[in-house]
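Engineer: This is a predicted model, with the sequence first.
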Amino acid sequence: MKRFSALLLAFIICLGMLAGCGQQAVNDSTDTASAPKKNLQIGFTFDTFVIERWLRDRDVFVATAARLGADVNVQTANGDAQEQINQIEYFIKKKVDVIVIIATEGDKLKDVVKKAKDAGIKVIAYDRLILNCNVDFYISFDNEKVGALMADALKSAMPDGGNILEIDGPTTDNNVTLVDKGFLRELKGTDINIVKKYNCDAWLAEHAFTYATEGLKAYPDIKGIMCGNDDLAGQVFSVLSENRRAGDVTLVGQDADLAACQRIVEGTQLMTVYKPVDSLASKAAEAAVALCKDSSDSENSILKEASTINDGTYDVPYIGLDPIAVTKENMDATIIADNFHTRDEVYLNTKKMTSSD
């Protein structure tokens with residue numbers, strides 16, 4: 001009997017242990033099933049936030065990505081190419097799903113972009129094409145058309161021709177090359193003559209002030225100035241004001257910065273090129289998520305809209321959005337209608353001048 005009792009006790013203990021293991025297995029299965037799905041991870045490195053529009057791009061991209069189930073780690077290189085490389089290295093180490101890049105100096109990113117792709121990370125070139133890198137996706141505006149729209153505005157304001165200055169961004173920005181190409185093509189066959197061309201390193205606006213000062217002294221008969229963006233145009237406007245030539249010299253820019261829109265309705269800048277960055281940023285976020293989810297076969301995938309563009313070596317998927325020329329005549333129908341800036345903001349100074357009169 002004693003032996004039988006011992007065997008029975010041992011049997012009961014074994015049953016208890018098996019039941020416990022079974023319960024543990026159930027618990028493990030339940031924990032796995034109830035674990036929240038991890039959001040897609042996107043690393044976004046900006047060239048700089050000095051340029052006004054990049055803050056808007058950031059906010060729209062992050063909001064759209066969040067709505068689509070992705071987290072975005074935003075970094076800014078502050079115009080430093082090595083810092084941007086360090087940030088991309090950091091994203092690779094963090095094993096993000098996609099890296100989005102507004103290139104500071106695209107020609108220095110080839111090795112680190114390859115490293116990211118070798119690690120299985122998708123790479124998107126945002127606004128500026130990174131040459132010879134075979135990125136997974138490129139989205140921007142039609143930059144040649146941007147240059148053509150600037151040239152059209154100058155032709156309209158200067159039907160008899162005349163001398164102009166061209167003050168651009170850095171040659172390391174591929175968009176500068178494309179804008180210049182469209183600008184020169186549209187001016188071909190006219191009597192508008194570019195007497196001097198300048199490039200502002202790292203898009204530093206203070207260089208534009210120096211170049212405009214030099215240009216006006218060397219060429220006092222200047223009739224127009226093409227500026228690579230509205231930030232540069234703001235510095236050029238300051239020089240023109242100091243020389244009492246604001247409104248007399250035709251000034252054009254791009255990005256539809258608030259100050260530029262105010263100058264346009266005030267009559268001291270002829271036009272700006274409006275690039276609906278809300279659309280650009282939201283489409284870029286959609287593309288980032290689509291690349292992560294490999295949803296290119298989906299009927300509604302943003303990737304279906306892509307054509308291709310050659311980066312110097314490879315044909316890469318590309319979406320190019322249309323820019324819009326904005327003048328005093330269509331300010332309300334474009335900038336204000338899109339709520340890019342409010343009417344009160346754009347007409348702030350003109351209202352002040354009217355009330356003082």
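Structural biologist: Arrived safely.
Engineer: Isn't residue 348 up against residue 261?
Structural biologist: No. Between residue 348 and residue 261 there is no contact under C-beta atoms under 8 Å: 10.1 Å. Using the backbone N, CA and C atoms, a C-beta is placed for each residue, glycine as well.
Engineer: more neighbours, these two?
Structural biologist: Between residue 348 and residue 261, counting by other C-beta atoms under 10 Å, residue 261 is the more crowded of the two (25 against 16).
Engineer: Double-check that that one belongs to a helix.
Structural biologist: Yes. Assessed with DSSP: H, G, I helix; E, B strand; the rest coil, residue 261 lies in a helix.
Engineer: what's the nearest residue to it if we skip its chain neighbours?
Structural biologist: Excluding the flanking residues, the one nearest residue 261 by C-beta to C-beta, 6 or more residues apart in numbering is residue 346, at 4.8 Å.
Engineer: how about stretch 239-258: buried residues?
Structural biologist: 239-240, 245-247, 249-258 (16 or more other C-beta atoms under 10 Å).
Engineer: Please flag which of those residues sit within strands.
Structural biologist: 250, 251, 252, 253, 254 (DSSP state E).
Engineer: Name all residues that make contact with the third one.
Structural biologist: Shown in contact with residue 252 (C-beta atoms under 8 Å, 6 or more residues apart in numbering): 150, 153, 154, 224, 225, 226, 227, 233, 269, 270, 271, 272.
Engineer: Which residues does it form beta bridges with?
Structural biologist: When bridges are called by DSSP bridges, residue 252 pairs up with residue 226, residue 271.
Engineer: how near is it to residue 146?
Structural biologist: 11 Å (C-beta to C-beta, to the nearest Å).
Engineer: And the first one, by the same measure?
Structural biologist: Taking C-beta to C-beta as the criterion, residue 250 is separated from residue 146 by 17 Å.
Engineer: Low-confidence bits of the chain, can you list those?
Structural biologist: For the chain, residues meeting the criterion pLDDT under 70 lie at 1-37, 294-300, 352-357.
Engineer: can you pull out the strands in the stretch 151-300 of the chain?
Structural biologist: With DSSP state E, counting those that start in this stretch, the ranges of strands along the stretch 151-300 of the chain come out as 162-168, 192-199, 224-227, 250-254, 271-274.
Engineer: what would those strands look like in JSON lines with distance to residue 318?
Structural biologist: Output for the strands of the stretch 151-300 of the chain, formatted as JSON lines (distance: least, C-beta to C-beta, whole Å):
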{"stretch": "strand 162-168", "distance to residue 318": "23"}
{"stretch": "strand 192-199", "distance to residue 318": "25"}
{"stretch": "strand 224-227", "distance to residue 318": "26"}
{"stretch": "strand 250-254", "distance to residue 318": "20"}
{"stretch": "strand 271-274", "distance to residue 318": "19"}
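Engineer: Right, I'll leave it there.
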